[in-house]
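K.L.:
the sequence isn't on hand, but the structure is:
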C-alpha cells in the first residue's frame with residue numbers, strides 16, 4: 001500500500017461529530033421524552049429535577065418590540081401584506097411617552113388612569129364549542145387579540161398614558177386561556193412585598209365570567225420577608241375586599257425540607273419526619289422552637305407545605321360543591337380538584353411547585369393528555385396543579401424602572417441601571433444601605449461642602465481652587481441618589497470599567513439583584529397607609545424580619561423626611577473626597 005496522500009478516504013464516510021450533532025438535534029432531552037420535569041420518569045423515583053415551565057417553539061415571551069417588529073407582528077395577526085412605497089417620505093410625528101409622563105403631574109395622570117381603567121384588561125378568548133374547527137378558532141383568536149392590541153395602542157397614543165411592558169405573544173396568552181378553562185380555582189401567585197403590583201383584579205373577573213364558582217385565591221409568596229405587623233395590614237386589606245388569601249414562602253419551605261433531610265441522613269434515617277421539617281421551618285422564620293408556624297394570628301401565619309395543600313383543597317372543594325347539580329364535575333368521584341397557578345415571571349410559581357413536590361417521597365407522574373406548554377401535575381389523589389407559563393399583564397406605570405426593580409424585566413441584560421437604582425435607593429433608605437454594604441454614606445450636600453472646604457484650605461486663596469470646588473459642588477448636586485450610590489459601591493468593591501471609571505453597571509446589577517432577593521428590604525403597605533411602605537433601619541438578616549415592628553418603620557420614615565426633604569439626598573457616597 002502506498003503512502004496515504006489524503007485523497008484515498010471516501011468522501012461519503014461517516015463524520016462522527018456531525019452525526020452526534022444531528023442526533024442531538026433530532027432527539028429531545030430525556031426529561032421531555034418522559035413528560036416529567038424530574039429525572040425519575042413516569043415510573044417514579046426521587047424528585048431529582050426541578051420544575052420549570054416548558055417554553056417550546058413559539059413560546060418565547062415577548063415584552064417589548066421596536067416599531068418595525070411591532071408593525072410586522074400586527075400585520076401578521078391581521079393577515080395583511082405591506083408594500084413599501086419608495087421616494088414618498090411622509091412625516092407622521094414622533095412618540096414621546098417618557099417626556100409626556102414626566103411633564104404630566106401625578107394627580108392628572110392618576111385621574112386619566114382612573115378614567116381609563118376599564119379599558120385596561122387582559123385579552124379574552126372568543127366563544128367556542130365542539131362544532132368550532134381548529135382553523136376557525138385560530139382565526140377568531142387572532143382577530144380578538146389584534147383588537148385588544150389596538151385598544152391598548154389607543155390608550156398610549158390618544159390618552160397619553162404609559163403602559164408597562166406586557167406580554168405580546170399570542171401563544172403565551174393561549175396557555176392562560178386553557179389553564180383558566182380547566183381549573184376549578186385560580187391561584188394568583190404574587191410577591192408579598194408588593195402584592196397589588198402583581199395581582200390582577202381583571203383576571204379574577206374573567207375567571208368568574210367563565211364559571212360563577214371559579215374562585216380566585218391570592219398566594220403571597222416570599223412572606224418571610226414581611227414582618228408580622230405588615231402581614232396583618234395586608235390581611236385586613238384582603239378581608240375588607242372579600243378576597244381569599246394565604247401567606248407562603250417557597251424558599252423557607254424548601255430550606256426546611258433540605259435541612260431536615262440532611263439531619264435525617266446524618267442519623268441514618270431514610271427521610272425526615274414532619275416534626276423535624278416544621279421545627280426547621282419555625283427556626284428559619286425566627287419563631288420559638290415550641291411555637292407554631294404563624295408568628296401571630298391565624299390570618300397572618302406563614303403556611304407550611306401541608307397547610308398550603310390543605311387550604312387549596314378546601315377552597316377547590318367549596319368551589320365545586322357550589323356549582324349546580326348538573327355540573328359534570330360532581331358526577332365523577334375520582335376526579336381531582338384542578339388548581340391553576342398563574343402569575344408574573346419570577347414571583348415563585350416554579351419554586352412553589354418544587355417545594356410542594358420536595359415534601360413527597362417520590363415523583364408524581366403527569367396527568368394523561370398533558371398539553372405541550374402548560375403543565376398538569378398530580379400532587380395527591382385529590383389535588384392536581386395546573387401551571388401556566390409566567391406572563392406580564394398590562395398595567396399603568398410612571399416608569400419602566402419600577403418594573404426592573406420588581407424583577408419582572410431581566411436584570412442581566414440591563415445596561416441603564418441608574419433609574420432603577422434610584423427607585424431602590426429611595427425605597428430602602430440610607431441606614432439600611434449602610435448596614436448591608438458596609439458603606440459610610442453621607443448627605444450629598446454635606447459631603448460636597450466638606451470636600452470643597454478642604455480644597456480651599458489646602459490651596460489657600462487661589463481663585464482657581466475656589467472655581468474648581470464650586471464646579472465639583474455643582475457636578476455632585478446634579479447626580480441623583482442612585483448615581484452616588486453606584487459610584488460609592490463600585491469604588492468600595494474595586495469594580496472598575498475598561499475606561500478606568502467605576503463600573504456602575506456591575507454595581508447596579510448587584511444592587512438590583514439584592515433588592516429582588518430580599519437582601520435589601522422594602523415592603524409596600526395597602527393603599528391609604530402613611531407612609532406607603534416599610535423599610536428597616538438594619539440589615540434584614542434571616543430570622544430577624546418577623547419580629548420587626550411597623551411603628552419603627554413609621555418613625556424612621558418621618559425622621560428621614562425631616563432630615564432629608566430632597567429625594568435624591570437619601571444616599572450618598574464619599575465620592576467628592578475621592579475625586580481630589
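P.N.:
Looks like it came in fine. Predicted model only: the values in this text are computed from it and were never measured.

K.L.:
show me where the stretch 201-350 of the chain dips below the pLDDT cut-off.
P.N.:
The stretch 201-350 of the chain contains residues with pLDDT under 70 at 289-296.

K.L.:
tell me which stretches of it form strands.
P.N.:
Ranges of strands in the stretch 201-350 of the chain, per DSSP state E, counting those that start in this stretch, are 215-221, 244-248, 302-303, 337-343.

K.L.:
now those as TSV including distance to residue 256 and mean neighbour count?
P.N.:
For every residue, glycine as well, the C-beta is placed using N, CA and C. Listed next are the strands of the stretch 201-350 of the chain as TSV, based on distance: least, CB to CB, whole Å; neighbours: other CB atoms under 10 Å:
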stretch	distance to residue 256	mean neighbour count
strand 215-221	15	24
strand 244-248	13	23
strand 302-303	11	26
strand 337-343	21	24
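
K.L.:
as a markdown table, those strands with distance to residue 389 would be great.
P.N.:
As requested, these are arranged in a markdown table below (distance: least, CB to CB, whole Å):
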| stretch | distance to residue 389 |
| --- | --- |
| strand 215-221 | 17 |
| strand 244-248 | 20 |
| strand 302-303 | 25 |
| strand 337-343 | 9 |
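
K.L.:
between the ones you listed, which gets nearest to residue 202?
P.N.:
With CB to CB as the measure, strand 215-221 is the member of these nearest residue 202 (10.9 Å).

K.L.:
same for that closest one, what does it pack against?
P.N.:
strand 185-191, helix 201-210, strand 244-248, helix 305-321, helix 349-358 (3 or more CB pairs under 8 Å, 6 or more residues apart in numbering; DSSP states H and E).

K.L.:
of those, give the one that comes closest to residue 261.
P.N.:
Among the helices and strands packed on strand 215-221, the nearest to residue 261 by CB to CB is helix 349-358 (8.6 Å).

K.L.:
list the buried residues in the helix or strand just after the closest one.
P.N.:
Downstream of helix 349-358, the first helix or strand assigned by DSSP states H and E is strand 375-378. Within strand 375-378, the residues that count as buried by 16 or more other CB atoms under 10 Å are 375-377.

K.L.:
ok, now stretch 227-237?
P.N.:
So, applying 16+ other CB under 10 Å, buried residues of stretch 227-237: 227-235, 237.

K.L.:
turn the helices and strands packed on strand 215-221 into a markdown table, columns for distance to residue 504.
P.N.:
Shown next, in a markdown table, are the helices and strands packed on strand 215-221 (distance: least, CB to CB, whole Å):
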| stretch | distance to residue 504 |
| --- | --- |
| strand 185-191 | 26 |
| helix 201-210 | 38 |
| strand 244-248 | 36 |
| helix 305-321 | 41 |
| helix 349-358 | 31 |
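
K.L.:
please identify the most buried of these.
P.N.:
For the helices and strands packed on strand 215-221, the largest average neighbour count (mean count of other CB atoms under 10 Å) is found in strand 185-191, namely a mean of 26.

K.L.:
mind listing the strands that strand pairs with, and their directions?
P.N.:
Take DSSP bridges as the rule and strand 185-191 pairs in its sheet with strand 215-221 (parallel), strand 337-343 (parallel).

K.L.:
how about a markdown table for those, with distance to residue 259 added?
P.N.:
Output for the strands paired with strand 185-191, formatted as a markdown table (distance: least, CB to CB, whole Å):
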| stretch | distance to residue 259 |
| --- | --- |
| strand 215-221 | 20 |
| strand 337-343 | 26 |
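
K.L.:
for those strands, which one sits closest to residue 155?
P.N.:
Here strand 337-343 is closest among those (CB to CB), at 23.3 Å.

K.L.:
what lies in contact with the closest one?
P.N.:
Applying CB atoms under 8 Å, 6 or more residues apart in numbering, the contact partners of strand 337-343 are 176, 179-180, 182-190, 198, 203, 312-313, 316-317, 320, 349, 352-353, 376, 382-388, 390.

K.L.:
good, we can wrap up now.
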